[in-house]
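**Q** I would like to see how this sequence folds:
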Amino acid sequence: MKYVTMKTITEDVAKKMPNSPVYKYEIAEIVGKTLEAMADRIASGDPVILQRLGSFHTRPRKGYRGVVPGTRQPIDVPPRTRVRFRESKLLKEKLPATEKLIKELKDAKD
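**A** Below is the predicted model of the structure:
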């Protein structure tokens, strides 16, 4: 598995714009500022919808009573806010193996 980093995203964007007068360091700054703005919006509770990729939104998670494994002492785990991602239809179509796997799992349940 190959990890995608800011550097690889910047290089991919630069390759898709070969005749552009924009330098790689400027592309890296634009990508970084875009992701920073998205993170700020998500942190403030606003959903971020990217048409070709999907949507990011937050969902509250209830607190619960847990147990420390080593000592078996009960603890209260506080409520948290989680980030959720839902892929777009276009992205789902680009991942046919995922759809096939889901269909197989549904068929196996029945």
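
**Q** so what's residue 12 up against?
**A** Neighbour list for residue 12: empty [criterion: CB atoms under 8 Å, 6 or more residues apart in numbering]. In this view, the C-beta of every residue, glycine as well, is placed from N, C-alpha and C.

**Q** from what I can see, it looks like it's in a strand, true?
**A** No - judged by DSSP: H, G, I helix; E, B strand; the rest coil, residue 12 forms no part of a strand; its state is helix.

**Q** Next one: it from residue 68, what distance?
**A** Using CB to CB, to the nearest Å, we find residue 12 at a distance of 45 Å from residue 68.

**Q** Please apply the same query to residue 24.
**A** Taking CB to CB, one finds residue 24 at 49 Å from residue 68.

**Q** So between those two, which is more surrounded?
**A** In this view residue 24 and residue 68 are compared by other CB atoms under 10 Å, and residue 24 has more residues nearby, 12 against 9.

**Q** Is residue 55 bridged to anything, and to what?
**A** Residue 55 forms beta bridges with residue 49, residue 86, as assigned by DSSP bridges.

**Q** ok, now the one 5 residues further on?
**A** Beta-bridge partners for residue 60, by DSSP bridges, are residue 81.

**Q** cool, and residue 64?
**A** With DSSP bridges as the rule, residue 64 is bridged to residue 77.

**Q** how far away is the residue lying farthest from the centre of the chain from residue 77?
**A** Note on the chain: the largest C-alpha distance from the chain mean falls to residue 71, namely 35.1 Å (CA atoms, centre = their mean). For residue 71, the distance to residue 77 equals 15 Å [CB to CB].

**Q** Give me the buried positions along the helix or strand containing residue 36.
**A** According to DSSP states H and E, residue 36 maps onto helix 24-43. Within helix 24-43, the residues scored as buried using 16 or more other CB atoms under 10 Å are 27, 28, 31, 42.

**Q** Next: stretch 93-110.
**A** Result for stretch 93-110 [16+ other CB under 10 Å]: no buried residues.

**Q** At the geometric centre of the chain, which residue sits there?
**A** Centre-most residue of the chain, counting by CA atoms, centre = their mean: residue 85, 5.4 Å.
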